[in-house]
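Peer 1: quick one, fold the following:
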Amino acid sequence: MSEQQPYSGPDDPRVVALPPAEFAFPGPLRDQLVAAILDGAKTSTTGLVADYEHEGEPLPVPGERSAVLDSDGRRVAVIETTDVRVVPLAEVDLQHALDEGEGCTSVADWRAVHERFWRSPEMLDALDDPGFTVDDSTPVVLQRFRVTADLR
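Peer 2: Okay, here's the model as predicted:
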């Protein structure tokens, strides 16, 4: 099977047609995460099953491609999902935490960072649930991906 033609840029119709991949909320955290994706440090991400359910979105599937959006809504990369697992929060492993590219060196550090985000006013608002909290049994989506195109 031949490789498809390279994308001509962020406005290539094939890129525009891809679903968006938005990491965190627009602002400094998203900028940090997008930079880590573009430099290859971030090859995994974690989402709440509750967030997918609230948004009515299907879970990602291997082979699916999406366009990474920066804080200004520009398409800066195309990523392809390579693996998806749904596990209780307590089962997130060190390799996944390291591959998130956020500088965490232990699962405990990774979990503290993520719990802070999941309990933030922005996330609670996005979930329409001011009392939402996480614990060891909270189901999370562990997604691995690879960059297939840098659109900068």
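Peer 1: what about the most centrally placed residue in the chain, which helix or strand?
Peer 2: Residue closest to the mean C-alpha point of the chain, counted by Cα atoms, centre = their mean, is residue 45 at 4.3 Å. Element membership of residue 45, judged by DSSP states H and E, is strand 44-48.
Peer 1: now the helices: where do they sit in this protein?
Peer 2: 13-16, 28-38, 49-55, 94-99, 107-118, 121-126 (DSSP state H).
Peer 1: off-centre distance for the third one?
Peer 2: With Cα atoms, centre = their mean, to the nearest Å as the basis, the distance from the averaged C-alpha position of helix 49-55 to the chain average is 14 Å.
Peer 1: same thing with the shortest one?
Peer 2: If you compare the mean C-alpha spot of helix 13-16 with that of the full chain, they lie 20 Å apart, counting by Cα atoms, centre = their mean.
Peer 1: quick check: buried residues in stretch 111-129?
Peer 2: Using 16 or more other Cβ atoms under 10 Å as the test for burial, stretch 111-129 gives 111, 113-114, 118, 123, 127. (Each C-beta comes from the backbone N, C-alpha and C, glycine too.)
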